[in-house]
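Enquirer: Build me a structure from this.
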Amino acid sequence: MSLPLLFLFLIGIAVYWTMTQILPERRRVQLLRPSLADGLLEALNEQRHARGLPVLELDEDLLQVAEAKASHQFLTGIDEEGWEYPNSFAGMFGRSLLMEVLISGPAPRMVEKLAKQTEVLDGEWIACGIGVAGGRSDQVVVAMVLCREAWDAMPVAVPRRSLLERLALGE
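Expert: Have a look, this model is predicted:
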């Protein structure tokens with residue numbers, strides 16, 4: 001293989017990588033509005049506090065899920081896709097421990113739209129992740145993931161010893 005052909009091949013790989021990996025990630029990050037997300041969570045917690053409910057604590061893993069969904073939703077408009085959870089949350093699915101909220105509309109009305117979500121004002125939710133994505137207009141997408149109980153990954157179970165091992169160890 002000649003050197004110029006190898007050089008062209010490497011340039012092609014670099015361009016492909018930039019177009020498919022680097023630029024889409026930069027665009028996704030540019031769409032996020034973390035200060036608006038913080039303000040929405042603060043306003044929601046004020047309403048919860050006024051009703052005598054516990055405030056929602058921000059969970060970093062759920063925050064990443066919500067931010068990814070908000071930007072995905074803003075870019076594609078597909079409601080069913082984009083909720084990507086870390087593997088540590090696999091045991092929570094199907095047990096009513098998580099709730100997903102997806103709202104879109106003008107940014108100034110988001111606090112009132114969130115307040116109309118009766119499930120968000122349920123006292124059993126204690127942790128959340130909230131992501132907001134928007135462009136140059138005032139239209140934004142809010143994705144929120146709520147968690148009912150504190151979640152820690154399951155510790156690795158100690159394997160049960162075989163009968164031969166228990167006899168050898170004198171157990």
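
Enquirer: Can you spell out which helices and strands pack onto the helix or strand hosting Arg28?
Expert: Assigned by DSSP states H and E, Arg28 belongs to helix 23-31. With contacts taken as 3 or more CB pairs under 8 Å, 6 or more residues apart in numbering; DSSP states H and E, helix 23-31 sits against helix 60-76. In short, each C-beta sits where N, CA and C put it, glycine included.

Enquirer: contacting residues around the helix it packs on?
Expert: Here helix 60-76 makes contact (CB atoms under 8 Å, 6 or more residues apart in numbering) with 27-29, 31-32, 37, 78-79, 81-86, 88-89, 100, 102, 104, 127-135, 140-145, 147.

Enquirer: how near is Leu8 to Thr18?
Expert: 16 Å (CB to CB, to the nearest Å).

Enquirer: quick one, phi/psi of Leu6?
Expert: phi -60, psi -40 (degrees, to the nearest 10).

Enquirer: From Leu36, how far out is Glu124?
Expert: Distance from Glu124 to Leu36, by CB to CB: 26 Å.

Enquirer: who has more neighbours, these two?
Expert: Shown here are Glu124 and Leu36; by other CB atoms under 10 Å, Leu36 has more neighbours (18 against 14).

Enquirer: wait, is that one part of a helix?
Expert: Yes - assignment of Leu36 by DSSP: H, G, I helix; E, B strand; the rest coil places it within a helix.

Enquirer: Now for it: which residues touch it?
Expert: So Leu36 contacts Ala107, Met110, Val132, Gly134, Val140 (CB under 8 Å, 6+ apart).

Enquirer: Asn45 too?
Expert: Applying CB under 8 Å, 6+ apart, the residues near Asn45 are Val55, Leu56.
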